[in-house]
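Colleague: Give me the fold of what follows.
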Amino acid sequence: MVQLNANRFISRKDLAQKKKRSPYIDSRVRKETFLTRQMNACVRCRMQRNRCIPDPTNPTGPCKPCQEKLARMTRLPCLRYKVTDSILFRTGLDYMPFYKRHPMNGPTYGDFHINKEWVSATTRLLDITQDRGPVPLTLEVREFKPPSEENALDLKGRSMYYIPWAIVDAESAVRAVNAYADANVESYLDALLDDSNHLVWDVFHAAIRLSVFPTPNKLLRNVLRLWVVCRFIESGWRVCGNETLNAETLKDPFYDWISPPPYIDYQFASTVIQRVLEPLRLETLRGLQTLVLSNKPSNWYQIFLVSFILLHNYELQVLFQRQFAARRKAKARQRPFREDFDWKAPQVRKMAQLDTEQSLFMERSELMGIHGGYRSQPVDAHMFDVGSAAIALCDSIPDLHQIYFRHEGRFSVSPASREWPGRLTSGLAWDPSMISHESSYTYSLTATNIQEIENALESFKSLGLDGCDVRQSTFPLPTLGESLLRLAIDVHCGKGFINVRGLNPENYSPEDNILLFLGLSSYIGEVRARQDEDGNMLMHICDAKRSRESQQNRPIRFSSRASTFHTDTFCDILALQTRSNAARGGRHIISSSYTIYNKIAAIRPDLLEILATPNWSFDSRGELFECNSRSLLHYHGGNIILNLAREPLLGLKHIPRTENLPELLPKQREALDLIETFAQEGQLILATEPGDLTFINNHALLHSREAFEDSPEATRYLVRMWLKNKSLAWKLPRSLQIGNSRIYDDNELGNRWNVVAVPKLRFKLSERLSS
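Modeller: Numbering: from 1, shown residues only. The predicted structure is shown next:
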C-alpha cells in the first residue's frame with residue numbers, strides 16, 4: 001500500500017491504472033480529433049504535448065497551435081511526419097515481370113508461402129560471402145521442380161530457374177543472416193570505413209564507443225547493425241565453398257566469380273529486406289523517435305550520432321542506386337535540381353507524391369538554388385555528402401576527436417600498440433628459412449605456355465592498337481590466364497611476391513618485349529601508374545654511364561650503388577622485367593613488412609607509436625607529389641602496411657630540405673634504423689634470370705638491391721611498371737590513398753610510353769627524392 005495522507009490509502013494497482021478519458025461531447029472536437037488521427041499530430045505539438053488542431057480552411061497546412069506560435073516557428077515548421085515513417089533501404093523491385101509476380105516484401109516475400117515440389121529430401125549447404133568478414137554465410141538449400149513461367153528473368157537477364165534450387169526454410173535463413181550479421185558487424189565496419197572522410201570516420205568511432213561505454217546502448221548498436229545489414233543488399237555475393245550447385249555454368253555479366261543461383265539470390269535478398277532489415281528499421285526508428293519526443297538536452301548527442309549514421313546510410317544507398325543503374329546501362333531520366341528538371345511534370349509529381357503547393361515550392365527552391373546562390377551547378381552523386389551537411393552540428397560538440405583517442409578498444413585510432421595485433425600469423429609474415437627453394441616462388445612457363453603467349457602477341461599486333469591498349473581482352477591467354485590470376489591472388493594474399501620465368505628477351509624486339517610485359521602483367525594488375533612528373537609509364541632501370549654525375553648524386557635507379565630497404569612511393573604492385581644481369585652483384589632483395597612488424601612488436605613495442613604517428617615529413621620536389629607528413633606504419637583493413645624511403649625522410653647530402661620541413665627526431669631515426677636492421681635479418685635474395693617477370697606486393701614487402709658492376713658483355717637492365725589489381729587491391733588509409741590516386745588516376749600529367757631507354761645525363765631533384 002502507498003500512504004497519501006493520514007486518512008487515505010490506495011493500492012499500487014490503482015496507482016498504476018490510467019484514468020480513462022470520457023468521450024468528447026462536442027461534435028466539433030470529435031471531428032477535429034478524427035482528422036488529427038487521420039493526418040497525425042505535427043512534430044511540434046507532439047514534442048510540446050499540445051492538442052494538435054487542424055485548420056479547417058487548410059487541413060494539410062499548418063495546424064492552429066503552430067499558426068498561433070508563428071513568431072517562434074523559425075526553427076521548427078509544422079510537419080506531420082513521424083520518424084518511423086522513414087524508409088532506410090530499398091524495399092524490393094517491382095518493374096520487371098518476375099518481381100511483380102513474386103514480391104520481395106510483404107506477406108508473400110521470397111515465395112516462401114508457395115509449397116514447392118521438391119526433387120528429393122536431400123539438402124545441401126551453400127556458403128556465400130562478400131569478402132568482408134572471416135566466416136561465410138551458410139544457407140540450407142534444396143532442389144525443386146521449377147514452374148513453367150514466362151519472363152522469369154533476374155536483373156542480369158538470366159533465367160530465375162536455370163539452377164532450380166531454393167532456400168529450404170525462411171526461419172532458418174533468418175537465423176543464418178542474423179547470426180552472420182552479429183558475427184561480422186566489426187569486420188564490415190573495418191572493411192568499409194576508412195579515414196578518407198574524417199568526419200564520417202570520427203562519428204562512427206564515437207558511436208561505436210558510446211554503444212558499449214559507459215553502459216551498453218541498444219539504439220546505437222541497432223543503428224550500426226542496420227548500417228551493416230544494408231550493405232548485404234548492395235554489393236554482390238559470391239559462392240565461396242566447395243558446393244556450387246553448378247552455378248559456375250551460369251555466367252554473371254557483372255562479376256568475375258561464381259554468383260549464387262538467381263532464385264536463391266532473390267529469396268536471400270527478400271529475407272534480408274523483409275525479415276531482418278524491416279524489424280531492425282522499426283526498432284531503430286522507434287528508439288530515435290522516443291529520444292526526439294522526450295525533448296531532453298541530454299539526448300542531443302545520441303540523436304546526432306544516430307541521425308548522422310542514418311543519413312550516411314542514405315548517401316550510400318543513393319550512390320549504390322546510381323552505380324546499379326550505370327552497370328545495367330539504364331536510360332538516364334530527369335535528375336532533381338538540374339536546370340532542365342520540371343517539377344510540374346505529371347510523372348514527377350506522381351513519383352514524389354507532390355501536391356500543387358509542394359510542386360510550386362520545389363520549383364521556387366530550384367530557381368533560388370540556380371539563380372539565387374544555394375548552388376550554381378547541378379546536383380550529382382558526390383554532392384550527397386553527409387559530411388558537409390553535418391559540419392555545423394559537429395562544430396558544437398567539444399573535443400570530439402579526443403573522445404576517440406581516449407578509447408582503447410579495437411576501433412580506437414591511438415595508441416597503436418594497444419589496438420594493433422601483438423603478432424601477425426599471415427602467410428605474408430615469412431622469413432627466408434620458410435622458403436626452401438626458388439621453385440616455391442617461381443612459375444616456370446612450359447613450351448605450350450610460351451606458344452600461347454606468342455599467339456596472343458601476334459593477335460594483339462594484328463589489331464593495330466597502341467601498347468597502352470594491351471589488356472586481358474586484347475591479349476587473350478585462355479589457359480595460362482587462369483594460372484596468372486591465381487598468382488595475382490598469391491601476390492595480394494599469399495607470400496606477397498612471385499616470379500614468372502621462361503621467356504628469352506633475346507628472341508624478341510624491344511617493342512615486343514614491352515608488349516609481352518604488358519600482356520602478362522595485365523593478368524596480375526590491369527591498371528598501370530605513371531612513375532614520374534613527366535608521366536612515364538615505364539621506367540628503364542640501369543646505370544646511367546654517360547652521366548658525369550657521381551654515383552652518390554644520382555637516383556638509385558640510375559646508379560650502380562646499393563640501396564637501403566624501401567617501398568616504391570604509393571604503388572600497389574611493383575613489376576619488374578629483367579632484360580639482362582650485371583657481371584657482379586645487382587641482385588634484388590626483399591623482406592617481409594609483416595615479419596619486421598612482429599619483431600618490433602615483440603622487442604620494441606614503444607617504437608610502434610613512433611612509426612604510427614603521422615609526423616614523418618617527406619620531402620618532395622616537382623609536380624608529381626607535394627611535401628607531406630604521414631605515418632610510416634599503418635594497420636588498415638586488417639593489413640599491416642609499411643611505406644617508407646630514406647631519401648625523402650633524411651634528405652640529400654649538401655641539399656637543404658624544403659623550407660619549414662622538420663628534420664627527423666632522434667627516436668624517429670632510431671625506428672628507421674631498426675626497420676633496416678630487421679629487414680636485413682629477414683632478407684631473401686632473388687636470383688632472377690633474363691626474361692623473368694617479378695611481381696611484388698609493395699604494401700607488404702620492402703625491397704632493396706645489391707651494388708653491382710657491369711661489363712661490356714653483361715649490363716644490368718630492368719624495366720619497371722607500377723600496377724594495381726582493382727579486385728584484389730588492399731584498402732588504403734587516406735594518407736596513402738591520395739598519393740595512390742595521383743599515380744593511377746587521370747590527371748594533368750598525362751601518360752607517356754617510353755618504349756626504349758633514353759640515356760640520362762642529368763637528374764632532377766625530384767628524381768633523386770623518389771623511388
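Colleague: Mind naming the longest helix for this protein?
Modeller: In the chain, taking DSSP state H as the definition, the longest helix is helix 300-327.
Colleague: Check the offset of it from the chain's centre.
Modeller: Centroid separation between helix 300-327 and its chain, computed with C-alpha atoms, centre = their mean, to the nearest Å, is 14 Å.
Colleague: swap in stretch 645-659?
Modeller: Between the centre of stretch 645-659 and the centre of its chain there are 34 Å (C-alpha atoms, centre = their mean).
Colleague: ditto for stretch 475-491
Modeller: Once both centres are worked out by C-alpha atoms, centre = their mean, stretch 475-491 turns out to sit 25 Å from its chain's centre.
Colleague: What residues of that stretch count as buried?
Modeller: Buried residues in stretch 475-491, counting neighbours by 16 or more other C-beta atoms under 10 Å, are found at 475, 477, 480-481, 484-485, 487-488, 490-491. All C-beta atoms are positioned from the backbone trio N, CA, C, and that covers glycine.
Colleague: tell me which of those residues is nearest to Gly750?
Modeller: Gly750 has its nearest neighbour among the buried residues of stretch 475-491 in Phe475, at 23.4 Å by C-beta to C-beta.
Colleague: Low-confidence ranges, the protein, go.
Modeller: For the chain, applying pLDDT under 70 flags the ranges 1-25, 69-77, 80, 94, 195-196, 327-341, 349-419.
Colleague: what about the strands in the stretch 601-750 of the chain?
Modeller: All strands of the stretch 601-750 of the chain, identified by DSSP state E, counting those that start in this stretch, fall at 616-618, 628-630, 633-636, 639-642, 684-686, 693-697, 701-705, 708-709, 717-724.
Colleague: Would you tell me which of the ones you listed gets closest to Phe144?
Modeller: For Phe144, the closest of the strands of the stretch 601-750 of the chain is strand 639-642, at 42.5 Å, according to C-beta to C-beta.
Colleague: Go ahead and name everything in contact with that closest one.
Modeller: Contacts with strand 639-642, where a contact means C-beta atoms under 8 Å, 6 or more residues apart in numbering, come from 420, 424, 567, 593-594, 596-597, 632-635, 675, 699-700, 702, 730-733, 736.
Colleague: Stretch 243-261 too?
Modeller: The contact list for stretch 243-261, computed with C-beta under 8 Å, 6+ apart, reads 124-128, 141, 156-158, 162-163, 165, 236-239, 262, 264-265, 268, 327, 727.
Colleague: CA atoms of that stretch as PDB?
Modeller: C-alpha atoms of stretch 243-261 as PDB (Å, rounded to 0.1, in the frame of the first residue of the first chain):
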ATOM      1  CA  GLU A 243      29.300 -26.700 -53.000                       C
ATOM      2  CA  THR A 244      28.400 -24.500 -56.000                       C
ATOM      3  CA  LEU A 245      25.200 -26.100 -57.300                       C
ATOM      4  CA  ASN A 246      26.800 -25.900 -60.700                       C
ATOM      5  CA  ALA A 247      26.400 -22.100 -60.600                       C
ATOM      6  CA  GLU A 248      29.700 -21.700 -62.400                       C
ATOM      7  CA  THR A 249      27.800 -22.700 -65.600                       C
ATOM      8  CA  LEU A 250      25.700 -19.500 -65.400                       C
ATOM      9  CA  LYS A 251      27.900 -16.500 -66.100                       C
ATOM     10  CA  ASP A 252      27.400 -13.400 -64.100                       C
ATOM     11  CA  PRO A 253      27.700 -10.400 -66.500                       C
ATOM     12  CA  PHE A 254      28.900  -8.000 -63.700                       C
ATOM     13  CA  TYR A 255      31.300 -10.100 -61.600                       C
ATOM     14  CA  ASP A 256      34.100 -12.500 -62.400                       C
ATOM     15  CA  TRP A 257      33.200 -15.000 -59.800                       C
ATOM     16  CA  ILE A 258      30.600 -17.700 -59.100                       C
ATOM     17  CA  SER A 259      27.400 -15.900 -58.000                       C
ATOM     18  CA  PRO A 260      24.600 -17.600 -56.100                       C
ATOM     19  CA  PRO A 261      21.900 -19.000 -58.400                       C
END
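Colleague: Quick check: buried residues in that stretch?
Modeller: Neighbour counts over stretch 243-261 (16+ other C-beta under 10 Å) mark 244-245, 247, 250, 252, 258-261 as buried.
Colleague: before we move on, what about stretch 647-665?
Modeller: For stretch 647-665, using 16+ other C-beta under 10 Å, the buried residues are 647-651, 657, 661, 664.
Colleague: ok, back up a step: secondary structure and distance to Ile453 for the buried residues of stretch 475-491 - can I get that in JSON lines?
Modeller: As requested, these are exported to JSON lines (DSSP: H, G, I helix; E, B strand; the rest coil; distance: C-beta to C-beta, whole Å):
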{"residue": "Phe475", "secondary structure": "coil", "distance to Ile453": "9"}
{"residue": "Leu477", "secondary structure": "coil", "distance to Ile453": "7"}
{"residue": "Leu480", "secondary structure": "helix", "distance to Ile453": "7"}
{"residue": "Gly481", "secondary structure": "helix", "distance to Ile453": "10"}
{"residue": "Leu484", "secondary structure": "helix", "distance to Ile453": "10"}
{"residue": "Leu485", "secondary structure": "helix", "distance to Ile453": "15"}
{"residue": "Leu487", "secondary structure": "helix", "distance to Ile453": "14"}
{"residue": "Ala488", "secondary structure": "helix", "distance to Ile453": "17"}
{"residue": "Asp490", "secondary structure": "helix", "distance to Ile453": "20"}
{"residue": "Val491", "secondary structure": "helix", "distance to Ile453": "19"}
